[in-house]
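>>> Sequence and computational prediction follow.
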Amino acid sequence: MSATNMNMMSRVIFYEDRNFQGRSYDCSSDCADLSSYLSRCHSCRVERGCFMVYDRTNYMGNQYFMRRGEYADYMSMMGMSDCIRSCRMIPMYRGSYRMRIYERENFEGQMHEMMDDCDNIMDRYRMSNCMSCHVMDGHWLMYEQPHYRGRMMYMRPGEYRSFMNMGMGNMRFMSMRRIMDSYY
């Protein structure tokens, strides 16, 4: 099955209330504003694929990674303070992974090229900060704390010159993980 066919089959069902109750919205692509379909969203079921969900519209605010499974009350499971307001489908990717991380904004300072997961940039690279990156290949999750903990951000191929300008405030990224096809 091609990656394109797999992406078309991605599916998540959002529910207004906890435990899959209330009105529902069936989604198989990006949705910038779920309030067009539901007044609130407190549970979901990912049937196929992987999604990032956001607690603000237009893919803003805190982000949460969801793979196939049931999230009957994800607010308490994930520590979300608000309900899901938007979602982005993560396309399946099978290939090499490559990302350059930089100590400072605008691709300045210490640089390291990564091709695999890193649970702590301080231990591996003696790097105390990561303020910009260039994702050449693959889809990645970047985490605020070592060992894939804390707030996260989804990174798809592209240049990210300044995390501060992306609405992340002074959030620092200390660990990175590839979104592998085994998550699907």
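Right, received. Where do you want to start?
>>> number of nearby residues for Asn170?
Per other Cβ atoms under 10 Å, the neighbour tally for Asn170 reads 7. Backbone N, C-alpha and C define where each C-beta goes, glycine included.
>>> Need the contact partners of stretch 98-109.
Defining contact as Cβ atoms under 8 Å, 6 or more residues apart in numbering, one finds that stretch 98-109 is touched by 110-115, 121, 127-138, 140, 155, 159, 161-164, 173, 176.
>>> Could you export that stretch as PDB, CA atoms only?
Extracted in PDB, the C-alpha atoms of stretch 98-109 (Å, rounded to 0.1, in the frame of the first residue of the first chain):
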ATOM      1  CA  ARG A  98      17.400  14.200   8.800                       C
ATOM      2  CA  MET A  99      17.300  17.400  10.800                       C
ATOM      3  CA  ARG A 100      19.800  20.000  11.700                       C
ATOM      4  CA  ILE A 101      19.400  21.700  15.100                       C
ATOM      5  CA  TYR A 102      21.000  25.000  16.000                       C
ATOM      6  CA  GLU A 103      21.800  26.500  19.300                       C
ATOM      7  CA  ARG A 104      20.500  30.000  18.400                       C
ATOM      8  CA  GLU A 105      17.900  31.600  16.200                       C
ATOM      9  CA  ASN A 106      18.500  32.000  12.400                       C
ATOM     10  CA  PHE A 107      20.600  28.800  12.200                       C
ATOM     11  CA  GLU A 108      23.400  30.300  14.200                       C
ATOM     12  CA  GLY A 109      25.600  28.900  16.900                       C
END
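>>> buried sites along it?
By neighbour count on 16 or more other Cβ atoms under 10 Å, the buried set for stretch 98-109 is 98-99, 101-103, 107.
>>> do the same with stretch 150-163
For stretch 150-163, by 16+ other Cβ under 10 Å, it's 152-155, 160-161, 163.
>>> Using neighbour counts, trim the contacts of stretch 98-109 to the buried set.
For these, a neighbour count by 16+ other Cβ under 10 Å gives the buried set as 111-112, 114, 121, 127, 129-135, 138, 140, 155, 161, 163, 173, 176.
>>> circling back: which member of the buried residues of stretch 150-163 is positioned nearest Thr57?
Set against Thr57, the nearest of these by Cβ to Cβ is Tyr154 (16.1 Å).
>>> Surely the closest one and Leu141 touch.
Yes. Counting by Cβ atoms under 8 Å, Leu141 is a contact partner of Tyr154 at 6.2 Å.
>>> tell me which element the residue nearest the centre of the chain is part of?
Note on the chain: the residue nearest the mean C-alpha position is Tyr154, at 3.3 Å, using Cα atoms, centre = their mean. Using DSSP states H and E, Tyr154 sits within strand 149-155.
>>> how about the residue lying farthest from the centre of the chain, secondary structure?
Distance from the C-alpha centroid of the chain, by Cα atoms, centre = their mean, peaks at Gly22 (26.3 Å). Three-state call for Gly22 (DSSP: H, G, I helix; E, B strand; the rest coil): strand.
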